[in-house]
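**Student:** Following is a predicted model, sequence given first.
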Amino acid sequence: MALARAGHEVVAVAAVSDASVRRAREHFPAASVADPANVVAAADLVLLTVPDDALPGLISGLAATGAALGGRLLAHTSGGMAHRCSSLRRGSGRSRWRCTQ
């Protein structure tokens, strides 16, 4: 919501539970609710707002879908995991994921 209030356009949101879908539609009525790969494809900046323990699965899942990652900035909103992350690569070896603090 802060990004939208600051004038940034929120173009897409991924939500799984009924409650998450409801909140997404309430807070970002102009944004599409889509699967994570399509959210990544629609945005320049992607905020990964999942619990720390869900991040490796989300990253692996995005890589497996072939999501269009080039030219996009992906940021996880919690620093609690940053010291445990290592570089992950998609099958082609071209996409690299690094966790930094």
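**Tutor:** Structure's in. What do you need?

**Student:** For this protein, which element, helix or strand, carries the lowest mean pLDDT?
**Tutor:** Lowest by mean pLDDT, DSSP states H and E among the helices and strands of the chain is strand 88-89, with a mean of 48.

**Student:** roughly how far apart are the nearest residue to A34 once chain neighbours are set aside and D44?
**Tutor:** Counting by CB to CB, 6 or more residues apart in numbering, the nearest residue to A34 once its immediate chain neighbours are dropped is A12, at 5.1 Å. All C-beta atoms are positioned from the backbone trio N, CA, C, and that covers glycine. For A12, the distance to D44 equals 11 Å [CB to CB, to the nearest Å].

**Student:** surely A34 meets V46?
**Tutor:** No. Using CB atoms under 8 Å, A34 is not in contact with V46; the gap is 11.9 Å.

**Student:** what is in contact with the two at once?
**Tutor:** Residues within reach of A34 and of V46 at once, by CB atoms under 8 Å, 6 or more residues apart in numbering: there are none.

**Student:** okay, those two: which has more neighbours?
**Tutor:** V46 (21 against 16; other CB atoms under 10 Å).

**Student:** Now that one: which helix or strand?
**Tutor:** strand 45-48 (DSSP states H and E).

**Student:** can you pull the buried residues of that strand?
**Tutor:** Within strand 45-48, the residues that qualify as buried are V46, L48, counting by 16 or more other CB atoms under 10 Å.
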